[in-house]
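S.K.: sequence first, then the predicted structure, then my questions.
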Amino acid sequence: MPNLSLSEIANDGKEYRSVMLVEKVFEKNSRQNTFQTDGGMFTASGLVIGNETVTTINDVESVAAKIIGLKVFTNRNLKKVELIGKYGGSSLQVRVPITQVLKSEEFGGQPAGGKRVNKGILFESDFSERLAEAENGAPVSGKYANAACHIIEACSSKVGAAFTGFKEEGGRNQSRPLASQGDNLIIAPSAHQQHGAKLTDLTLLHGTSKVSYLSLKFGGTLTFMNAGVRETFVEREMKEEKLVNPLAKKIISNFGLDEATFCRVFNDYNKGTKHPTGVKANVNKQKLKTFLQTAIGSNYWMVHGHPDNSIDFWYMSPEMNPQYATITGDVIVNYGGSGGKGKRVDITFSNSYFDFTVNIRNKQSGLYPSHIMCDYKSKTGIKKTTLR
């Protein structure tokens, strides 16, 4: 397994690895602070970035920006990134250069077995095996057996018809593009009830031609929608800080963004500029609700797997969809992310069902926005059933 280097975590298109490094060291976003190194397993508690020692942080991105900023220096002593911590079985605190840290799967390397496993795909595969056992009349056993039986029964009860089989549909990757509808921004199609059929990963079949749509998710950060905007935010318009594209204008308007500041986040990236964070947006909440109703969708079951093999399960009801999409409290904008220096704009808001973050950023190793995403975390108001 190769080793990391400053270029592997800071060069264009790889900056997200600096964010990941900081998240791991300081155990943010459910990451663990353990690293495999040339000297063995290492538990980190801090960082040395250039000549600065960092043992506590307020936000991840500002620390990551310091790492990314090192690449402009020619002096080797100033381009230094080291982990502070201890080797397994030792009480001695030491420093380990980033060049002695192995390039694990998290950082784009290959796992020990040689082939990277997508945990979301593995979750769907394991769950599908349980459904196949039920379809064939075989004993349902193994991982997720109890959850699969519960879900089959709940879905059958909902539609009033017995389970007869299932279809695997996650690979269809059905399109849900960003679109305009009058003054509103939506995720097409415009009727939220139609989204279940597009979001399904596994479709349960029931007698009398009825179906149940299951949307499978796995892990921590979950996403309701992920739409391309590369052709929406035109590079020339972004550089001139004057947007003309109608859909780009509508995004700016519907989320209460300042157009010039939005453009400068990307134009000034990696120049040391800190942009405003914690800005209260002047948003028309009815327009935001219309967007969220289609971003969330309805008429499907959410099946959210966790690393401990538990599953959170709930129905995304058409009747509840308007409530799920109604925001309470302020809409907050972080230009440049939480630290103000990233190449992203985050818009956060919430209600008793979900915490939402809409982020507009580049996911394809470029500078200007390529995608708009709506991430979420479900809350107690959603009345989840936890299955084990």
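M.R.: Right, received. Where do you want to start? Numbering: from 1, shown residues only.

S.K.: going by C-alpha atoms from here, please, whenever you check contacts or count neighbours.
M.R.: Fine.

S.K.: okay, domains of this structure per the record?
M.R.: Domains of the chain are assigned by automatic domain parsing as 6-107, 119-387.

S.K.: weakest of the ones you listed in terms of mean pLDDT?
M.R.: Mean pLDDT per stretch puts domain 6-107 lowest among those, at a mean of 88.

S.K.: got a list of what the closest residue in space to residue 176 that isn't next to it in sequence touches?
M.R.: Spatially, and ignoring its direct neighbours in sequence, residue 176 is nearest to residue 188 (5.4 Å; C-alpha to C-alpha, 6 or more residues apart in numbering). Going by C-alpha atoms under 8 Å, 6 or more residues apart in numbering, residue 188 touches 176-179, 294.

S.K.: which residues in the stretch 1-150 of the chain form helices?
M.R.: Along the stretch 1-150 of the chain, counting by DSSP state H, counting those that start in this stretch, helices occupy 6-10, 16-25, 60-69, 119-135, 145-159.

S.K.: which helices and strands sit right next to the shortest one?
M.R.: By that I understand helix 6-10. helix 16-25, helix 60-69 (3 or more C-alpha pairs under 8 Å, 6 or more residues apart in numbering; DSSP states H and E).

S.K.: including mean neighbour count, could the ones you listed go into TSV?
M.R.: Below are these laid out as TSV (neighbours: other C-alpha atoms under 10 Å):
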stretch	mean neighbour count
helix 16-25	22
helix 60-69	22
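
S.K.: out of those, nearest to residue 372?
M.R.: Judged by C-alpha to C-alpha, the one of these that comes nearest to residue 372 is helix 16-25, at 16.7 Å.

S.K.: which elements pack onto the closest one?
M.R.: Contacts defined by 3+ C-alpha pairs under 8 Å, 6+ apart place helix 16-25 against helix 6-10, strand 40-49, helix 60-69.

S.K.: how big is the angle separating the second one from helix 60-69?
M.R.: I take that to be strand 40-49. Interaxial angle of strand 40-49 relative to helix 60-69 (axes from the mean of the first three to the mean of the last three C-alpha atoms, to 10 degrees): 80 degrees.

S.K.: which members of the contacts of residue 188 are positioned in strands?
M.R.: Under the assignment DSSP state E, the contacts of residue 188 contribute 178-179 to strands.

S.K.: compare the contacts of residue 188 and tell me which is most surrounded.
M.R.: Greatest neighbour count in the contacts of residue 188, by other C-alpha atoms under 10 Å, goes to residue 294: 27 neighbours.

S.K.: skipping adjacent residues, who's closest to that residue in space?
M.R.: Going by C-alpha to C-alpha, 6+ apart, residue 294 has residue 192 as its nearest residue, at 4.8 Å.

S.K.: got it, and residue 8?
M.R.: Residue nearest to residue 8 in three dimensions, not counting chain neighbours: residue 14, with 6.5 Å by C-alpha to C-alpha, 6+ apart.

S.K.: same check on residue 169?
M.R.: residue 201 (4.8 Å).

S.K.: shouldn't the one you found be in contact with residue 212?
M.R.: No. Using C-alpha atoms under 8 Å, residue 201 makes no contact with residue 212, being 10.7 Å away.

S.K.: what is the neighbour count of residue 105?
M.R.: Residues near residue 105, counting by other C-alpha under 10 Å, number 15.

S.K.: about what we covered before: ok, the residue nearest to residue 294 - contacts?
M.R.: The contact partners of residue 192, taken as C-alpha under 8 Å, 6+ apart, are 293-294, 296-298, 318, 321.
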